[in-house]
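Novice: this one's structure only:
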């Protein structure tokens, strides 16, 4: 292994101490396909002299097998680790590499250029301090260059280097360099990118990468390495921002110690500082800053600490401790930019989990204002977001959270959406601002509540949710159950799928997006009826588990009874009381559940009714028996 510092062999402890004190810069490389991103990173790794001898030998062998530079070493192979990347000569996944110089440590993320890997690029850029945008001097500013520039502006990248690469293939032309600079400046102005440095270079030959070389005497700016060693990192900027500490853990080892543990994401804090806890708004004063290595007189951005306060106030994981003069905001509805990262599309009204810092809450995208074409920057109407889609959306949460706009703080303004069923990350977003209605609309207190209404009816309110294929018998069984309950003196209401679509939901069709909205509205209506003290029976196909779970979450634990009316598809088709299956088979009815639209059966229904095995009356009696067992009726 060839080493950059002789201290490694002479005095390893001194070297490690010096290495520990070095600052760290995280940066990404991006740009169009075959602009030389991987070659540039390979050159930086090679020039840093931190490669093992066997790595160099392997690259020399791979260069002969996969290389694109003839007999010369292909530096791109140091980064393109996937077999598919080497065979195709492209980058597919984000590749992270570490290297260092005497002045600084670096982590570089090589991000893919293809449009279908937009989510990979966003992932790689989410924690970066700077970006190197590669431009092929022969081709200039391309569609993918514009797309990655838009994504950089989207995630708030503050330091951007436009590396105009392959200058050796245009005879190191100053005129060509200036032409590309002028074109890119005009485009960057539209995006609000301001801190831009332009460097002409040849990653393959090494010009202006580490040293200037002699081919471009007309260029007097920094080399790429000189720029990377001196550019301001986020930790330096963050220390000047308002104090924020998202609480990760309430530390209570004994009765005499109660601290609040987390990493300072911005600003500084000292004992004696006044703080405010959001979203509760409670205030106190810092009495002590505790760490594993002892107490601190001051903590700064990037440090993990435990704060002790003068007052015993209620603070939980997910709360944000702020400076009292510039606290974080609180809200439960936002405008956001959302990048969709899953094969299943985003549908407004569908519930997800949202993770914002250390907070996890239930979230629903209530509206997609428009989708952004990342190639042209045009805005287009959209009812859903597909994989790699980027949209401006409104987001509604089940409770207020503490936050900062993303442009002010990526740590307290950036979030991810998580699928409630699979727990996969399906989207990443940036909070713009709180919607005005989230601050101005409040729940009105009323004296007569759900308990009082239920008491007057001598019953416990509940939702009895019938789900199953069209023709399964949901409405028939629900109607029989209501008749029996009514005869017993219970107060009920039956919401039937067809009836609701004649009024409240007459504006909805049968696309997946409209089906989600249909069930969302029904769930909200059922919640109001439960609040009125009624036993609500709902007969809807409700094909998606996530929407049925949303309806369940709207009411209390013992107030939702899911009935799976299970009829095989072939039996439902034979019944076909409305002739819908025949229309669907003839292609006259699109998006019909069971034919060309999926039905997701309940995994753990409260009651599983197999209609081939029992009669309608037997099914109704079984449901009423369950209501008695749950003590919902006497």
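Specialist: Yes, it's here. For clarity, every value in this text was computed on a predicted model and none was experimentally measured.
Novice: Could you list every helix and strand that the helix or strand harbouring residue 253 packs against?
Specialist: Here residue 253 sits within strand 249-254, counting by DSSP states H and E. Applying 3 or more CB pairs under 8 Å, 6 or more residues apart in numbering; DSSP states H and E, one finds that strand 249-254 contacts strand 257-263. Bear in mind the C-beta positions are built from the backbone N, C-alpha and C, glycine included.
Novice: What angle do strand 249-254 and the strand it packs on make with each other?
Specialist: Per axes from the mean of the first three to the mean of the last three CA atoms, to 10 degrees, the angle that strand 257-263 makes with strand 249-254 is 150 degrees.
Novice: Mind listing what's buried along stretch 25-37?
Specialist: Across stretch 25-37, burial judged by 16 or more other CB atoms under 10 Å covers 25-37.
Novice: Can you list the strands that the strand holding residue 253 pairs with?
Specialist: Paired with strand 249-254 in the same sheet, following DSSP bridges, are strand 257-263 (antiparallel).
Novice: Show me what the mean pLDDT comes to for the helix or strand that the strand it pairs with is followed by.
Specialist: Following strand 257-263 in sequence order, the next helix or strand is strand 268-269 (DSSP H and E). Strand 268-269 comes out with an average pLDDT of 94.
Novice: Stretch 204-215 now?
Specialist: Averaging pLDDT along stretch 204-215 gives 89.
Novice: now what about that stretch, what contacts it?
Specialist: For stretch 204-215, the external contacting residues (CB atoms under 8 Å, 6 or more residues apart in numbering) are 36, 39-40, 43-44, 47, 69, 72, 75, 166-168, 172, 199-203, 216, 219, 223-225.
Novice: What residues of that stretch count as buried?
Specialist: For stretch 204-215, by 16+ other CB under 10 Å, it's 204-210, 212-213, 215.
Novice: so what's residue 357 closest to, chain neighbours aside?
Specialist: Among residues not flanking residue 357 along the chain, residue 246 sits closest, at 4.1 Å (CB to CB, 6 or more residues apart in numbering).
Novice: Now do the SS call for the residue nearest to residue 511 when sequence neighbours are not counted.
Specialist: Spatial nearest neighbour of residue 511, excluding adjacent residues (CB to CB, 6+ apart): residue 591 at 5.7 Å. With DSSP: H, G, I helix; E, B strand; the rest coil as the basis, residue 591 sits in coil.
Novice: Relative to residue 356, how far out is residue 389?
Specialist: Residue 389 sits 21 Å away from residue 356, going by CB to CB, to the nearest Å.
Novice: likewise residue 129?
Specialist: Residue 129 is 22 Å from residue 356, where distance means CB to CB.
Novice: picking up where we left off before, which pair in the buried residues of stretch 204-215 has the greatest spatial separation?
Specialist: Pairwise distances across the buried residues of stretch 204-215 (CB to CB) peak at 16.0 Å, for the pair 204 and 212.
Novice: quick revisit: would JSON lines of the buried residues of stretch 204-215 with distance to residue 186 and secondary structure be doable?
Specialist: Shown next, in JSON lines, are the buried residues of stretch 204-215 (distance: CB to CB, whole Å; DSSP: H, G, I helix; E, B strand; the rest coil):
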{"residue": "204", "distance to residue 186": "29", "secondary structure": "coil"}
{"residue": "205", "distance to residue 186": "29", "secondary structure": "coil"}
{"residue": "206", "distance to residue 186": "30", "secondary structure": "coil"}
{"residue": "207", "distance to residue 186": "26", "secondary structure": "strand"}
{"residue": "208", "distance to residue 186": "24", "secondary structure": "coil"}
{"residue": "209", "distance to residue 186": "27", "secondary structure": "coil"}
{"residue": "210", "distance to residue 186": "31", "secondary structure": "coil"}
{"residue": "212", "distance to residue 186": "28", "secondary structure": "coil"}
{"residue": "213", "distance to residue 186": "29", "secondary structure": "coil"}
{"residue": "215", "distance to residue 186": "27", "secondary structure": "coil"}
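Novice: which among the residues you listed gets closest to residue 583?
Specialist: Residue 583 lies nearest to residue 204 out of the buried residues of stretch 204-215, by CB to CB, at 62.8 Å.
Novice: hmm, back to that, what pLDDT does the residue nearest to residue 511 get?
Specialist: pLDDT recorded at residue 591 is 82.
Novice: again, but for residue 315
Specialist: 93.
Novice: Give me the buried entries from the contacts of stretch 204-215.
Specialist: Buried subset of the contacts of stretch 204-215 (neighbour count, 16+ other CB under 10 Å): 36, 39-40, 43-44, 47, 75, 166-168, 172, 199-203, 216, 219, 223-225.
Novice: which SS state does residue 624 fall under?
Specialist: helix.
Novice: is it true that it touches residue 484?
Specialist: Yes. Using CB atoms under 8 Å, residue 624 is in contact with residue 484, at 5.9 Å.
Novice: Of these two, give the one with the bigger neighbour count.
Specialist: residue 624 (19 against 15; other CB atoms under 10 Å).
Novice: how close does the more buried one get to residue 616?
Specialist: Residue 624 sits 13 Å away from residue 616, going by CB to CB.
Novice: so residue 400 touches residue 332, yeah?
Specialist: Yes. Contact criterion CB under 8 Å: residue 400 and residue 332 qualify, at 4.5 Å.
Novice: what residue ranges in the stretch 151-300 of the chain score low on pLDDT?
Specialist: Within the stretch 151-300 of the chain, the stretches with pLDDT under 70 are 234-236.
Novice: where exactly do the strands run in the stretch 101-250 of the chain?
Specialist: All strands of the stretch 101-250 of the chain, identified by DSSP state E, counting those that start in this stretch, fall at 104-110, 130-136, 159-165, 196-200, 244-246, 249-254.
Novice: before we move on, back to that, ok, the residue nearest to residue 511 - how many residues close by?
Specialist: 14.
Novice: how about residue 504, secondary structure?
Specialist: Classified using three-state DSSP, residue 504 is coil.
Novice: got the contact list for it?
Specialist: Contacts for residue 504 (CB under 8 Å, 6+ apart) come out as 521, 525.
Novice: Now do it against residue 525, distance only.
Specialist: Counting by CB to CB, the gap from residue 504 to residue 525 is 7 Å.
Novice: With residue 377 instead?
Specialist: 40 Å.
Novice: Tell me how far stretch 162-171 lies from the chain's centre.
Specialist: Mean C-alpha position of stretch 162-171 versus that of the full chain (CA atoms, centre = their mean, to the nearest Å) differs by 36 Å.
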